[in-house]
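**Student:** just to be clear, the model below is a prediction. Sequence and coordinates:
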Amino acid sequence: MKKLLCAAAVAMMSSPVVAAPLCDDLGFAGLLAACNRGETIELTLASGQPLGEDVTLESGAYYKLQITADGSAELAIEGASFFRAIWMNEIVINSIEIRPMAIDSIEFDKAGVVELSFIAIKPGRHVVRIPGSTGDAQSVTFSIQ
């Protein structure tokens, strides 16, 4: 038993420490508390441009995802795996708040901004991409730890 405890202690000390956005006392707001919020994630939908960079999220933390379309083409993003791995608080479009159960994709016919607020839940790697695209720059991988 002592060997097992020592091995566990050594393993914990040798792995890098990741600063989690989670706070010790969530208070009345619970998981939506300000101290539980990660940084805003920004994606850009533009014809021929990269979608964004891969992102690592902490399970149980609250995030905002801002997607901006420049209107250069009619574009969408899809990622059913990602959208099923999060609890979505709301989607805000033109100051209108929508509280959905689930979504599969979001399509922009012209320039605009949509903001999703959510709590990352299910650990794993989840890809969000422009439908029908094959290039690596046309997708973003969300890794939930």
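**Tutor:** Now that the structure is in, tell me what you want to look at.

**Student:** against Met101, how distant is the residue nearest to Ile103 when sequence neighbours are not counted?
**Tutor:** When the adjacent residues along the chain are set aside, Ile103 lies closest to Phe83, with 5.3 Å between them (C-beta to C-beta, 6 or more residues apart in numbering). Glycine gets a C-beta too; all of them are placed from N, C-alpha and C. Taking C-beta to C-beta, to the nearest Å as the criterion, Phe83 is separated from Met101 by 10 Å.

**Student:** before we move on, what about Glu42?
**Tutor:** Glu42 sits at a distance of 25 Å from Met101 (criterion: C-beta to C-beta).

**Student:** repeat that for Met88.
**Tutor:** 8 Å.

**Student:** circling back: which of Glu42 and Met101 has more residues huddled nearby?
**Tutor:** Neighbour tally, Glu42 and Met101, criterion other C-beta atoms under 10 Å: the higher count belongs to Glu42, 13 against 5.

**Student:** next, give phi and psi for the residue nearest to Ile103.
**Tutor:** As for Phe83, its main-chain torsions (degrees, to the nearest 10) stand at phi -70, psi -20.

**Student:** likewise for Pro131?
**Tutor:** Geometry field for Pro131 lists phi and psi as phi -60, psi 140, criterion degrees, to the nearest 10.
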